[in-house]
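# Here's a sequence, model it:
(chains A and B, ligands or ions: 5)
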Amino acid sequence: MAKHVNITIDGRSFLVDEGKNLVDVARENGIFIPSLCYFDHIEPPLGTCRTCTCKINGKFGPACTEKVSEGLTVEVNTEELKDSRKALVEMMFAEGNHICPSCEKSGNCDLQHMGYELGISHSRFPHLFKDRVIDYNSQRMVMEHNRCIKCLRCVVEVFTDDGKRVFNYQSRGHETYVGLDYEQEARLTHEQAVNAMNICPTGAIIVRGESISKPFGDRKFDLTSRREDFDEKPKSTKKPGKKTPKVIGTVSLAGCFGCHMSLLDIDTELLDIVKLVSFNKSPLTDFKEFTTRCDIGIIEGGCCNDENVETLRKFRENCDVLVSVGECAIWGGLPSMRNMIPLGECLEEAFLNCVTNETGSNVVPYDVDLPKLLDRVYACSEIVKIDYNIPGCPPDAQHIWKAVKNILWGEEFSVLYSEFKYD
Amino acid sequence: MKKAKMNAGQNGSKQKDDTLKSEDVNTPLNVLAEPPRTQMLNRLWEFQMAKGYISESDISTLAREYDLSVIEVEGVVSFYHFFHRTPAGKFTIYLNNSMTSELKGFRRMLEAFERETGASVGSVDPTGTFGLFLTPCIGLCDQEPAALINFYPFTNLNTLKIRSVITKLKKGVPVSQICDQPDSHIRYTTKKNEGIFFREFKPGDALNKLSRMGPDGIIDVMRDSKLAGRGGAFYPTWMKWQAAAEEENKPRFVLCNADEGEPGTFKDRVLMSEVPETMIEGMIACGYTIGAEFGLIYLRGEYRWLKEKIDKTLDLYREKGFLGRHCGGISDFHFDIRVQMGAGSYVCGEETAMIESLEGNRGEPRTKWFFPVQKGYLQKPTVVNNVETFCAAARIIQIGVKEYNKYGLPKSPGTKLISVSGDCNLPGLYEIEWGMTLKELCDLCEADDPWYIQESGPSGTVLGLEDMNRPIAMFGDMFTQHIRCGGAITIFNKRRDIIQILMNYANFYKSESCGICTPCRAGNFIIQRKLEHLQNGLADADDLEDLKKWSFLIRTTSRCGLGKTANNSLVIALDKFADYFKDHIAPSDKGLNRKFNLEAATHEYESYKD
Ligand SMILES: Cc1cc2nc3c(=O)[nH]c(=O)nc-3n(C[C@H](O)[C@H](O)[C@H](O)COP(=O)(O)O)c2cc1C
Ligand code: SF4
Ligand code: SF4
Ligand code: SF4
Ligand code: FES
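Ligands and ions are numbered 1, 2, ... in the order given. Just a heads-up that it's a prediction; the model follows:
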């Protein structure tokens, strides 16, 4: 029988089995330590993602490579540590090119799930938009390098029957990626291949024809949620008081109007709101210019051309508070799928190489009256200061209005998990 | 679920643990079985040197030999930047792009090489004769600009010299005939006329004393001398040796870290070219103390030109009976050493990454699940020490700890080798006594208007004029805070651009990170992007705050020392030179509109205007 040892986590003492992994010990005692690369059957632990960083005996370190011993003192849930762990997950979103709405793993993805669990509304880091080539060479598998978080799991766990590696890291530094051995991959059984797809915490390994096995609602993380709502209640700078009428401006830049549709999606409640707010410059009113200063500006979409930049700057000048609503405004979203490809290639593919193109009309449109395309799609926060971000693709209507009411009148609110989880 | 247990660290393939049975301990040294895969880097070097690249069939050959998948061999090849997958020219040129090189005319040298060879950087000229590539610090900062051609050194370059070298190569003169012999530039060896590291040493001077001292005696002496890791971490050497000696597992290994990758550092280069005997005897002493049979010197690829000298010295030692069975005449002590060449990777200087590399893997640092003294090379107890540490150990044994302790400060006895480069008249190696102030050192090397001083390379700290009177020491001796110098001082004068310096470092870390952990791989990329922003005049005060916060995050969450220290200089510089940065940030429009370069962003689209 294992020896018992005394350890302290966040000031509470626990009697636990010696030598057990700290992540497991904490979990068994109701303390959640995020982890993306810890799997209790892999030894030594991979220790690659670092999202389990805690303070162990006063020093920063990953919980997953720690065996508990007598007297161990661990800090898990200090504000600093919670923020560090959140930052690491944000970093993964900034490093890869994660377009969840077009991802086969959405709903079954550990990374996406961790984003929700930690209440990530946006990445504090600029998205890197590194150009990565998706590997379609294998007959059966697709390696979607944009989504790999380099957790190492496939490298240490997927072997052919005669013990050969199928995946291995290639290159190093910011160029590191997971390479697939086509010859060995072909020697895997179908079950082994599907298993490789399933053990990947993200949608980086796809087996053709097997990737979308469960419908929306039945996916791995559709029904599981650690808590009803998020602990962090947004603080308000205003004291709740009498609701004075307010003016709102809205705009859709490089977006699809989906966020605007969502904005209207609160049924009859809209009638109450309309009594208290008026819309100035907005596609809802069709005001082309600001006629008065606005209390709040709601921005949908990022900036893909010079006109977007100009409009956004006008909003900044005319609104007290600016809110980015939806992924496109926050970091580029779907339109930013072009960010990994040089602008010239995008234009020429669309206007010159396109099969429906009339021969002889081989020109990329350029006219003084046309907005000029930017080299890539920019997040609104890269152009002007953005005060708040409301995530979603599109964000839930309740989420938008709760946040807006909080900003305008200081109304307390908490966002339900179901309102935050939008995919 | 099935337990996926791995023997050879996380990066090794499923190696069978029967490669080193206990009876190996009694086999003759030359057949001490290192598993075949440990020869991976050597085999790859053979291919690379023979035809200038590693072909697909070479990789298949190795995969067959070691019973691995092709992707695993490719993973190893692609980790090291001296290995090429396409022909890299009959003459492969590596121009150093470190910061010191930038000071000394890197741009002009690059242009000259491009002009003379017809190759543009990162590629091979159309005739396949010259390949032109960049590489960070080649350990010749005291004679920059410098380059390696087929791994032979060429120092103090200028455009005319480049023209003459390339012309001779075109005429068929062998590289070995026209390369330079890098000067050791030992500028100073303590006031007490005879320093420690470069005094006379005859083979056997330390070795002959071992059996009289016995392992415990040696550990005592190491403790009394306060010798601490000269690779930069200053971990007490005696503790490491004792820990390994107390391990039960056998065989044990001695590993000499001759990877010297920290930009600006070249002290180990000078030690190995001047007194390789002391390094070897330090290793033998360690082997004797911990009961090891085998030592390895992991020599960085950039120092290939030193390998012959070290090998010859090893041969001499074997001839004399100072290596091999009954090493140095000690009846039950058998010890031998081999040199392993690295292949271009800074992180392989990290001890566990080095061990992975020796085992024929990608040089990824291990987690702290085990320490090398418990499970190191081939999962056996291994002591890893820096070249200078071994050299000092041999000297302490040679001259006695009493004599050694006469140098330096009571709490930091002995001397320290410091590589000095940058804006000074006398770049080179300085053997100082611990306790010398930064100012004294700057005076000795005739520093030119020092303003920003990089100490211990990019991963060290930044010093300024206010630090001039601080003593350089291992352990605090005075009320003034000491400077713990790992071995390099790089001086920059007032005309230098700090952002350019930091940008050079950021680029270095971005590509030298092993890539295995998120904060270092992605974080250093993000930091580099932000610095680019700053360099382009687009950053504001918030961006500087972000740089500090993100550096803290990377430091506290990275797996190994590379990530933990990569942004030290950045953070310190931001504080120390706050005024400088204030002048370099964009005032944002009431803090609302960011400086955004619309013209640059629409530049590409404008090209479609007929
Ligand atoms: C990224 C990184 C690079 C390193 N490079 C070197 C090196 O080039 N030479 C060296 O001796 N130690 C280097 N070290 C330190 C080694 O990990 C190790 O601490 C040292 O070799 C131990 O020897 P010592 O105790 O004699 O200093 C490096 C560490 C890190 C984290
Ligand atoms: S891998 Fe996960 S986080 Fe990435 S795009 Fe797919 S679902 Fe989203
Ligand atoms: S492909 Fe998947 S399992 Fe493999 S390293 Fe990337 S994220 Fe991890
Ligand atoms: S800190 Fe950097 S070099 Fe070290 S293990 Fe992590 S990625 Fe590799
Ligand atoms: S879970 Fe600990 S490092 Fe990934």
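# ok, which stretches of the stretch 301-423 of chain A are strands?
A:303-305, A:319-325, A:373-378, A:388-390 (DSSP state E, counting those that start in this stretch).
# which stretch among those strands comes nearest ligand 5?
Ligand 5 lies closest, by C-beta to the nearest ligand atom, to one member of those: strand A:388-390, at 26.2 Å. Using the backbone N, CA and C atoms, a C-beta is placed for each residue, glycine as well.
# So which bits of that closest one are buried?
A:388, A:389, A:390 (16 or more other C-beta atoms under 10 Å in any protein chain shown).
# can you check stretch A:342-359 too?
Applying 16+ other C-beta under 10 Å to stretch A:342-359 flags A:343, A:346, A:347 as buried.
# is it anywhere near chain B?
Yes: interface with chain B: stretch A:342-359 contributes A:342, A:343, A:344, A:347 (C-beta under 8 Å from any C-beta of the partner chain).
# Quick one, grab the pLDDT at residue B:590.
Looking at residue B:590, its pLDDT stands at 65.
# that older thread, closest to residue B:331 among the buried residues of strand A:388-390?
residue A:389 (74.2 Å; C-beta to C-beta).
# who does that closest one bridge with?
residue A:324 (DSSP bridges).
# Could you double-check that residue B:142 sits in contact with residue B:424?
No: taking contacts as C-beta atoms under 8 Å, residue B:142 lies outside contact range of residue B:424: 9.7 Å.
# how many neighbours does the residue lying closest to residue A:293 once chain neighbours are set aside have?
Closest residue in space to residue A:293, ignoring its immediate chain neighbours: residue A:318 at 5.8 Å, by C-beta to C-beta, 6 or more residues apart in numbering or on different chains. When neighbours are defined as other C-beta atoms under 10 Å in any protein chain shown, residue A:318 has 19 of them.
# you'd agree residue A:318 is up against residue A:291?
No: judged on C-beta under 8 Å, residue A:318 makes no contact with residue A:291 at a distance of 9.7 Å.
# Pull the contacting residues for the most centrally placed residue in chain A.
For chain A, the residue nearest the mean C-alpha position is residue A:93 (5.4 Å; C-alpha atoms, centre = their mean). Residue A:93 is in contact with A:111, A:115, A:120, A:123, A:127, counting by C-beta atoms under 8 Å, 6 or more residues apart in numbering or on different chains.
# Same list (those residues) but as CSV, adding neighbour count and distance to chain B.
Listed next are the contacts of residue A:93 as CSV, based on neighbours: other C-beta atoms under 10 Å in any protein chain shown; distance: C-beta to the nearest C-beta, whole Å:
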residue, neighbour count, distance to chain B
A:111, 24, 11
A:115, 24, 14
A:120, 18, 15
A:123, 23, 10
A:127, 23, 10
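# Can you lay out those residues as JSON lines showing secondary structure?
As requested, these are arranged in JSON lines below (DSSP: H, G, I helix; E, B strand; the rest coil):
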{"residue": "A:111", "secondary structure": "helix"}
{"residue": "A:115", "secondary structure": "helix"}
{"residue": "A:120", "secondary structure": "coil"}
{"residue": "A:123", "secondary structure": "coil"}
{"residue": "A:127", "secondary structure": "coil"}
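# I'd like to know how many residues surround residue 411.
Defaulting to chain A. Neighbours of residue A:411 (other C-beta under 10 Å): 16.
# ah, no, chain B please
Neighbour tally, residue B:411, other C-beta under 10 Å: 15.
# out of the strands of the stretch 301-423 of chain A, deepest packed?
Stretch with highest mean neighbour count among the strands of the stretch 301-423 of chain A: strand A:303-305 (a mean of 25; mean count of other C-beta atoms under 10 Å in any protein chain shown).
# And the contacts of that strand?
Contacts for strand A:303-305 (C-beta under 8 Å, 6+ apart): A:253-254, A:309, A:312, A:335, A:371-374, A:377-380, A:382-383.
# and the residue of the stretch 151-300 of chain A nearest ligand 5?
For the stretch 151-300 of chain A, C-beta to the nearest ligand atom, closest residue to ligand 5: residue A:151, 7.0 Å.
# and the residue nearest to that residue when sequence neighbours are not counted, how many residues sit next to it?
For residue A:151, ignoring the flanking residues on the chain, the nearest one in space by C-beta to C-beta, 6+ apart is residue A:37 at 4.0 Å. Counted with other C-beta under 10 Å, residues neighbouring residue A:37 total 24.
# what about residue A:391, distance to residue B:276?
61 Å (C-beta to C-beta, to the nearest Å).
# For chain B, which helix or strand comes out least confident on mean pLDDT?
strand B:4-5 (a mean of 44; mean pLDDT, DSSP states H and E).
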